[in-house]
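Q: test case, fold it:
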Amino acid sequence: MIKLRLKQHGRKQRRTFRIVAIDAQSRREGRIIKEVGFYNPRKEETQIDFLAITALCENGAKLTETVRNILRRAKSFEQIRT
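A: Sure, this is the predicted structure:
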């Protein structure tokens, strides 16, 4: 199963996250299938590829709670049908 979840990037105390499609059984920092977004919690910046997320969800990918909350804050969760 494929999940859309966060992958840590950056150094200590300066973490940023990438929203990636990854196999559910692989590690958090494991090999990704596709990068579909970016999230910076310090500046509240979010960049999301809506078309890629929609396509992955239609093919059976699941969103983690954290990614779902980020999409809600970006006011784009209504556009993506899960």
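Q: just give the closest residue to the spatially most central residue of the chain, not the sequence neighbours.
A: Using CA atoms, centre = their mean, the residue of the chain that lies closest to the mean C-alpha position is residue 19, 2.7 Å off. Residue nearest to residue 19 in three dimensions, not counting chain neighbours: residue 37, with 3.4 Å by CB to CB, 6 or more residues apart in numbering. In this view, the C-beta of every residue, glycine as well, is placed from N, C-alpha and C.
Q: the one you found against residue 46, yeah?
A: Yes: under the criterion of CB atoms under 8 Å, residue 37 lies in contact with residue 46, with a separation of 7.0 Å.
Q: burial measure for residue 6, as a count.
A: Residue neighbour count, defined by other CB atoms under 10 Å, stands at 19 for residue 6.
Q: so which strand or helix has residue 8?
A: According to DSSP states H and E, residue 8 maps onto strand 2-9.
Q: following that strand, which helix or strand comes up?
A: Secondary structure here is assigned by DSSP H and E; on that basis, the next helix or strand after strand 2-9 toward the C-terminus is strand 16-23.
Q: now do that following strand: everything it contacts.
A: For strand 16-23, contacts defined as CB atoms under 8 Å, 6 or more residues apart in numbering pick out 1-10, 30-42, 48, 52-53, 56, 61, 67, 70.
Q: what strands line up against it, and which way round?
A: Strand 16-23 has these partner strands in its sheet, going by DSSP bridges: strand 2-9 (antiparallel), strand 34-40 (antiparallel).
Q: that strand: which residues count as buried?
A: If you call a residue buried by 16 or more other CB atoms under 10 Å, then strand 16-23 has these buried ones: 16, 17, 18, 19, 20, 21, 22.
Q: dump these into a markdown table; add distance to residue 74 as well.
A: Supplementary listing: those in a markdown table, determined by distance: CB to CB, whole Å:
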| residue | distance to residue 74 |
| --- | --- |
| 16 | 15 |
| 17 | 13 |
| 18 | 15 |
| 19 | 11 |
| 20 | 16 |
| 21 | 17 |
| 22 | 20 |
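Q: any chance of CSV for those residues, columns pLDDT and distance to residue 75?
A: Shown next, in CSV, are the buried residues of strand 16-23 (pLDDT from 0 to 100; distance: CB to CB, whole Å):
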residue, pLDDT, distance to residue 75
16, 94, 21
17, 94, 19
18, 94, 20
19, 94, 16
20, 95, 22
21, 94, 22
22, 93, 25
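Q: thank you kindly, that will do.
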